[in-house]
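Student: How does the following fold in three dimensions:
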Amino acid sequence: MKDQGERPPRVGLKFALRALLAAALVMVLTGTAVATVALRELDDFLDPLRKDGRADIDVPELDEVDPGGPRTFMILGSDAREGADAGMAPRSDTILLARADPDKDAIAVMSIPRDLKVEIPGHGEGKINGAFELGGKKGGPRLVVRTVKKLFEDATGENFPITNVMIMDYGAFRRAVNFIDGVYVDIDRDYFNDNSSGENYATIDINPGYQLLKGKDALDYVRYRHTDNDLVRAARQQDFLRQAKNAAGVRKLLSSGLGEARYLVRVFSRYFRVDKSLRSNRQIISMLKLVLYLASENPKVHEVAFKVSDAPNPQLDSNLYYRDSDLRKSFREFMQVKESDEPRENAAEPAATPERSSKKPARKSRERDSSEVPGLDDARREGEDQAVLADPKLKIPFYFPTKRVAGSVYSGTEPRIYKLKDERGKKREAYRLVLSTQRVGEYYGVQGLAWKAPPILDDPDRTIKRGNRKFRLYYDGKRLRLVAWRTKRGVYWVSNTLTQSIDEDQMIAIASSLKRLKQ
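Tutor: Have a look, this model is predicted:
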C-alpha cells in the first residue's frame with residue numbers, strides 16, 4: 001500500500017470526468033467519488049470537507065446556479081513557498097477557468113496569462129497574478145475572482161459567472177502526480193537551468209522525448225518559463241493535463257470502489273482548499289447532477305484561446321495586453337463552449353496559416369503531395385546526418401523527416417537515444433528528433449518508440465491513409481497536435497508545437513515525408 005502522505009488526488013469536482021485537462025490532476029476524482037454516493041449519505045461522506053476550523057474560501061461574489069445547471073470553475077495554482085520563503089505572501093501561479101454545461105457536448109477550458117495587465121479592484125493596474133498576493137492571506141482568491149469578473153464584465157457588459165473556486169499549491173501538485181505513479185509526457189525540447197551563470201530561476205533538468213514524469217520533475221516542467229512566455233507556459237500545462245487523464249493511475253482510480261472514494265475525499269480535504277459552497281447540500285446536489293451528466297456523456301474538452309499581445313518593447317515592459325474585441329470573442333467562445341480556431345500563440349496577431357472556409361476546417365481528408373504544401377523546406381540532407389549518428393545505436397528502424405517547417409532548425413547536433421520503461425516496467429528503445437521554429441517556445445519533433453501502445457496514442461480522433469501508411473490523427477479543438485503511425489517494430493509520431501502553430505497540411509506532410517536511412 002502506498003504511503004498515505006503521498007495520496008492526494010486531483011482537485012475534486014468531477015466536472016472534468018475522464019476528459020478534464022483543465023485543472024491539475026485534480027477535478028475528476030472527488031466528483032467521481034461523490035457520484036457513487038446516495039444523497040442520504042452526503043453528510044457523512046463529505047464530512048472531511050466540513051471540519052470546524054477549515055480555512056474554506058469565502059467569496060461572496062460567486063454565482064449560484066440551479067441544480068444541474070452550467071458551472072464555471074476557477075482553479076488557482078498557488079506558489080505558496082516553503083523553507084526560507086515560507087513567510088512570503090503566495091501568488092497565483094496559474095489561473096485556469098473551466099466551464100461545464102449540460103446543454104453542450106463539451107467542456108471549455110481557458111487559461112488567463114499571469115502577466116496580463118488588468119485593473120485590480122481597489123489597487124489600480126497591475127499584473128493579474130498580483131491580485132492573489134494583494135488580497136492577503138484570507139482574501140487572495142476573492143480578489144482574483146473580483147478581478148476576473150471585472151475584466152470580462154468591463155469588456156462585454158455582461159456578467160461573467162464563476163460558481164466555484166479551488167486552490168492547489170506546489171506540494172499538493174507533486175503529491176498528486178506521485179499518487180497516480182507519474183504521467184507519461186511528450187516533452188518537446190531539452191529543459192535545463194542550474195543557475196550556474198548567476199540567474200535566479202527554478203532549476204530544471206529534463207531531456208526531450210516521451211517519458212514518465214513524477215513529483216518535482218513534473219512540477220518543474222509545468223512551471224518552467226525561463227526562456228518561454230506565459231502563452232507557451234499555459235499551453236504546456238494544459239498539454240500535461242491532457243496526457244495525465246490517460247495515466248494508468250488515473251484509469252485505476254476512476255474504476256475504484258466506494259471505500260477508495262471515501263479515502264479520496266479525505267485526502268482531497270487535506271491538500272486542497274475549496275470555496276464554502278461545499279458546506280451546502282443544495283450546492284453539492286446541484287453539482288452532483290452535473291457530475292452525473294458528465295459521467296454518462298464523457299464530453300470533449302475545448303481549449304479557448306485567451307487572445308493577448310506583447311508590449312511594443314517586451315524587454316522594457318513584461319506585461320501582456322488585450323483588446324476588448326478579442327476579450328469579447330473569448331467570452332463568447334467560453335460561454336458557448338466552443339473551441340478556438342487559431343493556434344494559442346500570437347493571439348492578437350494570428351499566425352499566418354491558410355484560411356479555411358469549411359465548418360470543420362481541421363477535418364479535411366483530401367490527399368496532397370508534400371511538395372504542394374506551402375511553408376515547408378527540403379530537409380533530407382540534415383535528416384540523413386541525424387540518421388547516420390543514430391542508426392547504429394538502435395534496434396528499431398530510425399525514420400527522419402525529409403520536410404520541415406520553413407526556417408526551422410534541428411535543436412542539438414544529434415538525436416536523443418534512450419530507454420523508456422513502459423507501464424509494466426519493461427525497457428523500450430526510443431529516440432527523439434527536436435526542431436525549433438526559432439520563435440519563442442516553438443519546438444516540434446519526431447518520436448520513435450518500441451512500445452507500441454503508449455497512453456499518448458489512446459483514442460485517436462480519426463485515421464487517414466497516405467501512401468502505404470495509416471495515420472492516426474489527434475486534435476486539440478480544430479488544431480492537429482499529433483500524427484502517428486505504427487510499424488511491425490514500433491510506433492512513430494510527429495508532435496506539433498505546444499501552441500499548435502503548425503497547420504494540419506504541414507503536419508501531415510512532415511509525417512508523410514519520414515524516411516528510413518538506406519545503408
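Student: Who does the one helix or strand K470 maps to pair with, and is each partner parallel or antiparallel?
Tutor: K470 is part of strand 469-476, with elements assigned from DSSP states H and E. Applying DSSP bridges to the sheet, strand 469-476 is found paired with strand 462-466 (antiparallel), strand 479-486 (antiparallel).
Student: Tell me which of those sits most buried.
Tutor: A comparison of the strands paired with strand 469-476 by mean neighbour count, using mean count of other Cβ atoms under 10 Å, puts strand 479-486 on top with a mean of 22. Backbone N, C-alpha and C define where each C-beta goes, glycine included.
Student: got a list of contacts for the strand holding K470?
Tutor: Residues outside strand 469-476 that contact it (Cβ atoms under 8 Å, 6 or more residues apart in numbering) are 242, 303, 339, 362, 457, 460-465, 480-486, 500, 508, 511-512.
Student: And A218, how far from N313?
Tutor: Distance check for A218 against N313: by Cβ to Cβ, to the nearest Å, it reads 35 Å.
Student: again, but for N178
Tutor: Relative to N313, and taking Cβ to Cβ, N178 is found at 42 Å.
Student: And for A106?
Tutor: As defined by Cβ to Cβ, A106 lies at a distance of 39 Å from N313.
Student: returning to what we had before: with respect to E153, which of the strands paired with strand 469-476 lies nearest?
Tutor: Within the strands paired with strand 469-476, the stretch nearest E153 is strand 479-486; the backing value is 29.4 Å (Cβ to Cβ).
Student: strand partners of the helix or strand following the closest one, parallel vs antiparallel please.
Tutor: Sequence-wise, the next helix or strand downstream of strand 479-486 (DSSP H and E) is strand 491-495. Its sheet considered, strand 491-495 pairs with strand 443-449 (antiparallel), strand 479-486 (antiparallel) by DSSP bridges.
Student: Contacts made by strand 491-495 with the rest, please.
Tutor: With contact meaning Cβ under 8 Å, 6+ apart, strand 491-495 is reached by 186, 188, 399, 401, 444-449, 451-452, 454, 456-457, 481-486, 507, 510-511, 514.
Student: The residue nearest to the spatial centre of the chain sits in which helix or strand?
Tutor: For the chain, the residue nearest the mean C-alpha position is Q238 (0.9 Å; Cα atoms, centre = their mean). Here Q238 sits within helix 230-244, counting by DSSP H and E.
Student: I'd like the distance between the residue nearest to the centre of the chain and G383.
Tutor: Q238 sits 30 Å away from G383, going by Cβ to Cβ.
Student: now T156
Tutor: As judged by Cβ to Cβ, T156 and G383 stand 49 Å apart.
Student: who's more crowded, these two?
Tutor: A direct count of neighbours by other Cβ atoms under 10 Å for T156 and G383 places G383 higher, at 24 against 16.
Student: Let me know the angle separating the helix or strand containing that one from strand 443-449.
Tutor: For G383, the element it lies in under DSSP H and E is helix 380-390. Here the directions of helix 380-390 and strand 443-449 differ by 40 degrees (axes from the mean of the first three to the mean of the last three Cα atoms, to 10 degrees).
Student: continuing past helix 380-390, what's the next helix or strand?
Tutor: strand 399-400.
Student: How far off centre is that next one?
Tutor: Relative to its parent chain, strand 399-400 has a centroid offset of 28 Å by Cα atoms, centre = their mean, to the nearest Å.
Student: Next: stretch 411-425.
Tutor: With Cα atoms, centre = their mean as the basis, stretch 411-425 stands 22 Å off its chain's centre.
Student: Next, the buried residues of that stretch.
Tutor: Neighbour counts over stretch 411-425 (16 or more other Cβ atoms under 10 Å) mark 411-412, 415-418, 420, 422-423 as buried.
Student: where do the helices sit along the stretch 151-300 of the chain?
Tutor: Remark: helices assigned in the stretch 151-300 of the chain by DSSP state H, counting those that start in this stretch are 170-179, 215-223, 230-244, 248-254, 258-271, 281-297.
Student: Compare the mean pLDDT across those and name the weakest.
Tutor: Of all the helices of the stretch 151-300 of the chain, mean pLDDT reaches its minimum on helix 258-271 (a mean of 57).
Student: what about A106 and N313, which has more around it?
Tutor: A106 (19 against 7).
Student: wait, the more buried one sits on V304?
Tutor: No - look at A106 against V304 with Cβ atoms under 8 Å: they stay out of range, at 10.6 Å.
Student: Ok, which of the strands paired with strand 469-476 comes nearest D58?
Tutor: For D58, the closest of the strands paired with strand 469-476 is strand 479-486, at 39.1 Å, according to Cβ to Cβ.
Student: neighbouring contacts of that closest one?
Tutor: With Cβ under 8 Å, 6+ apart as the criterion, strand 479-486 contacts 186, 343, 362, 452, 456-457, 460, 469-475, 491-496, 500, 503-504, 507-508, 510-511.
Student: so where's this structure shaky on pLDDT?
Tutor: 1-56, 79-92, 135-139, 198-199, 253-272, 278-300, 339-371, 518-519 (pLDDT under 70).
Student: returning to what we had before: surely the residue nearest to the centre of the chain is in contact with A305?
Tutor: No - Q238 is not in contact with A305 according to Cβ under 8 Å; the separation is 11.0 Å.
Student: anything in contact with each of the two?
Tutor: In contact with both Q238 and A305: no residue, using Cβ under 8 Å, 6+ apart.
Student: Name the nearest residue to E61, ignoring sequence neighbours.
Tutor: Once flanking residues are discounted, E61 sits nearest to V145: 5.4 Å by Cβ to Cβ, 6 or more residues apart in numbering.
Student: Quick one: neighbours of that neighbour, just the number.
Tutor: Neighbour count for V145, taken as other Cβ under 10 Å: 24.
Student: so which helix or strand takes in it?
Tutor: V145 belongs to helix 136-156 when assigned by DSSP H and E.
Student: Mark out where each domain of this protein begins and ends.
Tutor: If you go by automatic domain parsing, the domain ranges for the chain are 4-176+248-335, 370-516.
Student: Just put those domains in CSV and tack on distance to T203.
Tutor: Shown next, in CSV, are the domains of the chain (distance: least, Cβ to Cβ, whole Å):
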stretch, distance to T203
domain 4-176+248-335, 14
domain 370-516, 19
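Student: Among those, which comes closest to K214?
Tutor: Smallest distance to K214 across the domains of the chain (Cβ to Cβ): 8.3 Å, for domain 4-176+248-335.
Student: Would you mind measuring from G467 to W485?
Tutor: As for G467, its distance to W485 is 10 Å (criterion: Cβ to Cβ).
Student: hmm, I was thinking of A98
Tutor: Computed as Cβ to Cβ, the A98 to W485 distance reads 33 Å.
Student: re earlier: check whether the residue nearest to E61 really touches P60, as I assumed.
Tutor: No - the criterion here is Cβ under 8 Å, and V145 misses it with P60 at 9.5 Å.
Student: Bridged to R466, which residues?
Tutor: Applying DSSP bridges, one finds that R466 bridges with R469.
Student: so it sits right up against I510, yeah?
Tutor: No - applying Cβ under 8 Å as the test, R466 and I510 come out as separate, 11.3 Å apart.
Student: Touching both of those two, which residues are there?
Tutor: What both R466 and I510 touch, as defined by Cβ under 8 Å, 6+ apart, is an empty set.
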